[in-house]
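J.: Pasting the sequence and the predicted model now:
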Amino acid sequence: MKQLEKKSIEEFNKWAKGYDSSRGKFFFVRANMSLKKYIGNEKASLLDVGCGTGILLEQLLTKKNLKLYGIDISPKMARIAQEKFRGLSKVKIKLGSVSHLLYKSNIFNYVVCSNSFHHHPDSHKSLHEMVRVLKRNGKLIILDGYLDGSFSSLFWKIENTLNKEGKVFRYTRDEMKKLFEEAGLKNIKQTVDQHINLITVGIKS
């Protein structure tokens, strides 16, 4: 697991400088618009796991009642996000791994993970940690590429090759639902976005 995390840090540090101007940013922004629909306007706290340079957090600034937190394993990504939100008290960014989230248990109303879950070397451990920091009745939202159907499977195979992502962990719709169930989440809902992404939502008991 440590070796895979080290590889992810190396890759994301390389991508960090041009991440916000890359061809992928439009894709991320578009996908995040679908994810945002699952986040209410109530006074709440939200953690973005694998926040990168803060693309999703930027989009969530429109939700005025949200207190926003982000964590990323890449020092360069986290540094860019910290600079981006400097002076904004409602946004706090940390450097750290999902395998040991640097937060107390039961403190967030929402935990989200957008387009980074496939990089996590231990999906069960990641889910355990994300659920741990959720409050009771808090909502976990994961958006990631999925492998149902020949189109999405081929798309992600090509994408991973072009980006030289190395070993990644993508799942089918049923596999993601099972992971959520095994993590003890209830009221699980799933939506396909843009034919290649899957949004999976669950509530902490």
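T.: Cool, got the structure. Numbers count the residues shown, from 1 in each chain.
J.: Going by C-alpha atoms from here, please, whenever you check contacts or count neighbours.
T.: Fine.
J.: list the contacts for residue 171?
T.: By CA atoms under 8 Å, 6 or more residues apart in numbering, the contact set of residue 171 is 145-147.
J.: Including distance to residue 73, secondary structure and pLDDT, could these go into JSON lines?
T.: As requested, these are arranged in JSON lines below (distance: CA to CA, whole Å; DSSP: H, G, I helix; E, B strand; the rest coil; pLDDT from 0 to 100):
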{"residue": "145", "distance to residue 73": "20", "secondary structure": "strand", "pLDDT": "88"}
{"residue": "146", "distance to residue 73": "23", "secondary structure": "strand", "pLDDT": "88"}
{"residue": "147", "distance to residue 73": "25", "secondary structure": "coil", "pLDDT": "84"}
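J.: Any of the residues you listed buried? List them.
T.: The neighbour count (16 or more other CA atoms under 10 Å) marks 145-147 as buried among the contacts of residue 171.
J.: Return the closest of those residues with respect to residue 83.
T.: residue 145 (28.7 Å; CA to CA).
J.: where does the most centrally placed residue in the chain land in three-state SS?
T.: By CA atoms, centre = their mean, the chain has its centre lying nearest to residue 113, at 1.7 Å. Three-state call for residue 113 (DSSP: H, G, I helix; E, B strand; the rest coil): strand.
J.: so it bridges to which residues?
T.: residue 142 (DSSP bridges).
J.: thought it was touching residue 48?
T.: Yes: assessed by CA atoms under 8 Å, residue 113 is found in contact with residue 48 at 5.8 Å.
J.: Can you show me the helices along this protein?
T.: Shown for the chain, the helices assigned by DSSP state H span residues 2-16, 24-36, 55-60, 75-84, 123-133, 150-163, 173-182.
J.: Using a markdown table, lay out these together with mean pLDDT.
T.: As requested, these are exported to a markdown table (pLDDT from 0 to 100):
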| stretch | mean pLDDT |
| --- | --- |
| helix 2-16 | 67 |
| helix 24-36 | 84 |
| helix 55-60 | 96 |
| helix 75-84 | 94 |
| helix 123-133 | 97 |
| helix 150-163 | 66 |
| helix 173-182 | 96 |
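J.: who are the neighbours in contact with the residue nearest to the centre of the chain?
T.: Residue 113 neighbours (CA under 8 Å, 6+ apart): 48-51, 141-143.
J.: Now with 7 Å, please.
T.: Going by CA atoms under 7 Å, 6 or more residues apart in numbering, residue 113 touches 48-50, 141-143.
J.: Redo the helices of the chain as a markdown table? Include distance to residue 91 and mean neighbour count.
T.: A markdown table is the format used below for these (distance: least, CA to CA, whole Å; neighbours: other CA atoms under 10 Å):
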| stretch | distance to residue 91 | mean neighbour count |
| --- | --- | --- |
| helix 2-16 | 19 | 16 |
| helix 24-36 | 17 | 15 |
| helix 55-60 | 8 | 18 |
| helix 75-84 | 9 | 20 |
| helix 123-133 | 17 | 20 |
| helix 150-163 | 30 | 13 |
| helix 173-182 | 28 | 16 |
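J.: Looking at those helices, spot the one closest to residue 190.
T.: helix 173-182 (7.8 Å).
J.: roughly how far out does the closest one sit from the chain middle?
T.: The chain centre lies 16 Å from the centre of helix 173-182; the measure is CA atoms, centre = their mean, to the nearest Å.
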